[in-house]
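1. here you go, sequence then predicted model.
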Amino acid sequence: MSTDTPEDWTIKRLMTEVVGSGPRSAEDMTREQAAAAMHQILDGEPKETTLGAFWLANRWKRNTPEELAGFVDVLRNRSISTASPDCNPVDCGANYDGKARTALLGVGAGLVAAAAGTPVIAHSGDRIPTQEACAYKHVLDELGVETELTPADSAAMADATGFGFYYQPAVAPELDALVDRRREMGVRTFLNTIETLANPAEAAVHLGSFYHLPYAKKLTETVELSETLEFDRVIMFQGIEGYDDIRPGYTKVGEWQNGEFTDYEIETAAYGMDFELADLQVEDVPTDSATITEEVLAGERTDEFADAIALNAAFRIYARGDVSDLVAGLERARDILADGSGVDVLSELRTFEPAGRA
């Protein structure tokens, strides 16, 4: 029986004895070993070559839910500054490295959901590797919304408007400090996965996306194993560019609640999204996404972008349990687009005053 303590498992030793022998022969870490590794990473201890090799080895072998739970619990216990709003929002945890080709629909969808009575929060950083593309922050910046907030101000924004944004440098400064090292890697690491589970608002419902269904199952198993994540419900769908914008066409959806995972397929055309992915492409993602958001909210567009924002809003409304199914959620979303009340939420966001500046 081993008498090793977590402190005995340096990242270099984990490379040598556990994860570093290649994708076919590498072993999985225990939860304790993964936690020890995450502490060292956040402490900035590993040399660049050692850390890079560790990240790459984990990418090759693919992390288990137990490892991811070890990583995320350390991150949340020591690095995440949470602030919980009273409104019980949906946590929208999109990939922080953003979208590079298609319009970002989550801001518009979140504003529609908020106007319909479903509060949401989103969180992202600023040009996070590897794509370093457009994330929630950049569209909100284009719309004139304050994004560089303290967690307490983010929670206050959610309560005041129904839409809150949490900024990674304020929420997780130790993780933000690793951006340059992540940039040097050139590929995604497990940090790209666990930061989407930061849950800075301590929400009970998480909305996310995946490329392949096994990833959704792995993430919900991670939530089950985590000692710090207290989601009651997780809903994920196949997203565009890995983001929390649902992909047009036949699309898989995964739902987890009360320890049970179910999956099914929907045809988005049946919910108004009857077009191709190419129809959502734009030239300048931050600027064009902001313009599209304003025009859809004001009723100036009734095209594919309006249909896509409506269905994505419906998913947020349904995820929180404010309606019994997507059809009812879509009806609510379309009512908001018809009466223009999403414009009011955007106006409230633009005039929101952080506590330190009021």
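-> Thanks, I have it.

2. any idea how far the closest residue to Thr30 other than its chain neighbours is from Glu221?
-> Computed as Cβ to Cβ, 6 or more residues apart in numbering, the closest residue to Thr30 that is not its neighbour in sequence is Glu66, at 7.3 Å. C-beta coordinates here come from the backbone N, C-alpha and C atoms, glycine included. Distance of Glu66 to Glu221, given as Cβ to Cβ, to the nearest Å: 9 Å.

3. the residue nearest to Thr30 should be in a strand, yeah?
-> No - Glu66 is assigned helix when assessed by DSSP: H, G, I helix; E, B strand; the rest coil, not a strand.

4. now do the same contact list for it.
-> Shown in contact with Glu66 (Cβ atoms under 8 Å, 6 or more residues apart in numbering): Asp28, Met29, Thr30, Arg31, Ala34, Leu225.

5. Provide a list of residues in contact with the last one.
-> With contacts defined as Cβ under 8 Å, 6+ apart, Leu225 is in contact with Arg31, Pro65, Glu66, Ala69.

6. who wins for most neighbours among those residues?
-> Ranked by the number of neighbours (other Cβ atoms under 10 Å), those place Ala69 first, at 25 neighbours.

7. pretty sure that one is touching Glu32, no?
-> No - Ala69 is beyond contact range of Glu32, at 11.2 Å (criterion: Cβ atoms under 8 Å).

8. what segments of the chain are strands?
-> Per DSSP state E, the chain carries strands over the ranges 90-92, 120-124, 163-167, 205-210, 233-238, 250-257, 260-267.

9. out of the ones you listed, nearest to Gly20?
-> Gly20 lies closest to strand 205-210 among the strands of the chain, at 27.4 Å (Cβ to Cβ).

10. dump the closest one to PDB, restricted to CA.
-> Extracted as PDB, the C-alpha positions of strand 205-210 are listed here (Å, rounded to 0.1, in the frame of the first residue of the first chain):
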ATOM      1  CA  VAL A 205     -28.500  25.100 -13.900                       C
ATOM      2  CA  HIS A 206     -25.700  24.900 -16.400                       C
ATOM      3  CA  LEU A 207     -26.100  25.300 -20.200                       C
ATOM      4  CA  GLY A 208     -23.200  24.300 -22.400                       C
ATOM      5  CA  SER A 209     -22.300  22.700 -25.700                       C
ATOM      6  CA  PHE A 210     -20.200  19.900 -27.200                       C
END
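
11. what about Ile317, neighbour count?
-> Residues near Ile317, counting by other Cβ under 10 Å, number 27.

12. how close does it get to Asp245?
-> Following Cβ to Cβ, the distance that separates Ile317 from Asp245 is 16 Å.

13. could you do Glu255 as well?
-> In this structure, Glu255 lies at 18 Å from Asp245, with Cβ to Cβ as the measure.

14. can you check Ala314 too?
-> In terms of Cβ to Cβ, Ala314 sits 13 Å off from Asp245.

15. and for Asp307?
-> On the measure of Cβ to Cβ, Asp307 and Asp245 end up 12 Å apart.

16. picking that back up, output the strands of the chain as TSV; include the columns mean neighbour count.
-> Below are those laid out as TSV (neighbours: other Cβ atoms under 10 Å):
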stretch	mean neighbour count
strand 90-92	29
strand 120-124	29
strand 163-167	28
strand 205-210	24
strand 233-238	23
strand 250-257	18
strand 260-267	12
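
17. Thr293 is nearest to which of those strands?
-> Across those, closest to Thr293 is strand 163-167 (Cβ to Cβ), at 11.7 Å.

18. average pLDDT for that closest one?
-> Per-residue pLDDT values over strand 163-167 give a mean of 98.

19. could you list the residues in contact with stretch 9-21?
-> 26-29, 32-33, 36-37, 40-41, 45-46, 50-51, 53-54, 57-58, 61.

20. which of these are buried?
-> 26, 29, 33, 36-37, 40-41, 46, 50-51, 53-54, 57-58, 61 (16 or more other Cβ atoms under 10 Å).

21. ok, the residues you listed vs Glu142, which is closest?
-> Closest to Glu142, out of all of the buried ones among the contacts of stretch 9-21 and judged by Cβ to Cβ, is Ile41, at 32.9 Å.

22. these two touch, right, that closest one and Glu48?
-> No - Ile41 is beyond contact range of Glu48, at 11.9 Å (criterion: Cβ under 8 Å).

23. follow-up on the earlier one: more neighbours: which of Ala314 and Asp245?
-> Higher neighbour count among Ala314 and Asp245: Ala314, with 29 against 26, using other Cβ under 10 Å.

24. from Val282, how far out is the more buried one?
-> 22 Å.

25. please name the nearest non-neighbouring residue to the most centrally placed residue in the chain.
-> Nearest residue to the geometric centre of the chain (Cα atoms, centre = their mean): Gly93, 1.7 Å. With Cβ to Cβ, 6+ apart as the criterion, Gly93 has its nearest non-adjacent residue at 3.9 Å, and that residue is Thr196.
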